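*Asks:* what follows is a predicted structure for the sequence shown.
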Amino acid sequence: MMKEKTFLLDWMSTLLDWLGLNSADGGYKALFATLVVLVCCFVVWWLLRYLLLRAHRLGRYVDSRLEVIFDRANLNKIALMAAVFMFYILLPLAFDPASSVGIFVRKALDVLIVWMLASFANSVVRTVFMLIYHKRKTKDAPLKGFMQVIQIVVWVVAAIVIIAILINKSPTKLFTGLGASLAVLSFVFKDSILNLVSGILLSSDKMVKVGDWIEMPSAGIDGTVIDMTLNTVKVRGWDNTISNVSPYTLTSGTFKNWQGMFSSGGRRIARYVEIDINTVKFCTEELLERVGKLEVMREYIDSLPEPRLQTTNLELLRVYIERYMEAQPWLNREMLHMVRQLQSSDTGVPLQVYAFTATTVWVEYERIQAALFEHIMAIVPLFEIKIFQRPSGGDLDKRATIEDIVKWEA
């Protein structure tokens, strides 16, 4: 190395004499040497960048993993780092290492090299996580949070090393001092630390991931998760608005994740209609005969024990709804399904349908649920039962008209 430096210095002195410049004038020689070093570094950067990008274009269709590893930005960083390292090696040819200018330039190059190494390390981390993310088995794993944790650690270490270079201190002493001031930093960056820990918990415990439908009424969140970082969870609502919520808000509160419903293959129906108690009664032979004409009820009516007239019309309605659902293709028969009565109140007897559909698609689920209860509302009069409904304006108008007729006839 020393022989190469002596050769280059002798060659530059000869070149200065040939150009007619005073080779003994250190100012001109340093300026010319600086220009030569910069030109050499530029040539190395341009040539290496050209070769790397050329190889990238030739092999981009060979393997998709190579496309991720040899990304254009990564290749540019490699070429630029090579040029900066070359300038660092050739620096003594341009400046006296003991001079103030030489010390300043070397310190600036040290800072630049540390920053470039940190940037390149983060690029490597991002590339590795992209390769993992592209695998089918881990495609849904929330890896972005772990990647950001590693990147933050890299930048923190780089910042400490840069500060140590600027103040001419050992990085180990700064790390020791940082431990003493950790309590103050934890208080200042309390929210960031809470979100950092919460983001790690969300990712490691798989509480939520990209693509999940979550619902948190206290924060006004109801939609699909489209992105997760260490300090923000982005949720696209059903009106296509995007809401940002911190990970700490999710872990400190209560939210509902509908992903379990989708993975189970069935979505629950748990609605009821309120039966007017005044219409619940024992069956007559005419009612039993009329209900027995329904295909799903014929066997049940024939199997009724004597005396059959002690059977209520509400019981027939409940059995009919059960058998009607069991005959439908949308019913998930592997999950619980029943028709039951809830606690009666001043609005009637709630008759609840509890079942699961064989699909989790929202539109199909709503259609199935609507069609089921439309059928129930239409079939109820056959059982001589009425669904409770509070009197509306039209009902009050009819009542007033009848009273007027009675008064007029009187």
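*Replies:* All right, it came through fine.
*Asks:* OK, contacts around G223?
*Replies:* Applying C-beta atoms under 8 Å, 6 or more residues apart in numbering, we find G223 in contact with W213, I214, V235, R236, G237, W238, S243. For glycine as for every other residue, the C-beta is placed from the backbone atoms N, C-alpha and C.
*Asks:* domain-wise, how is this structure divided?
*Replies:* According to automatic domain parsing, the chain comprises the domains 202-261, 265-383.
*Asks:* turn those domains into a markdown table, columns for mean pLDDT and distance to I160.
*Replies:* Listed next are the domains of the chain as a markdown table, based on pLDDT from 0 to 100; distance: least, C-beta to C-beta, whole Å:
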| stretch | mean pLDDT | distance to I160 |
| --- | --- | --- |
| domain 202-261 | 85 | 20 |
| domain 265-383 | 93 | 50 |
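*Asks:* could those domains go into CSV alongside distance to V157?
*Replies:* CSV is the format used below for the domains of the chain (distance: least, C-beta to C-beta, whole Å):
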stretch, distance to V157
domain 202-261, 17
domain 265-383, 46
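*Asks:* of those, which is nearest F87?
*Replies:* domain 202-261 (35.9 Å; C-beta to C-beta).
*Asks:* now do the end-to-end distance for that closest one.
*Replies:* The straight-line separation of the ends of domain 202-261 (C-alpha to C-alpha, to the nearest Å) is 19 Å.
*Asks:* over to stretch 353-364?
*Replies:* Length of stretch 353-364, first residue to last, C-alpha to C-alpha: 18 Å.
*Asks:* can you list contacts of that stretch?
*Replies:* By C-beta under 8 Å, 6+ apart, stretch 353-364 touches 261-262, 264-272, 321, 325, 329-332, 335-340, 365, 368-369, 372-373, 376.
*Asks:* on that earlier part again, most surrounded residue in the contacts of G223?
*Replies:* Within those, neighbour counts (other C-beta atoms under 10 Å) peak at V235, which reaches 27 neighbours.
*Asks:* so what's that residue up against?
*Replies:* Per C-beta under 8 Å, 6+ apart, neighbours of V235: I214, I221, D222, G223, T224, V225, I226, I242, S243, N244, V245.
*Asks:* give me the buried entries from the residues you listed.
*Replies:* I214, I221, D222, G223, V225, V245 (16 or more other C-beta atoms under 10 Å).
*Asks:* where does the fourth one sit: helix, strand or coil?
*Replies:* Secondary structure, DSSP: H, G, I helix; E, B strand; the rest coil: G223 is strand.
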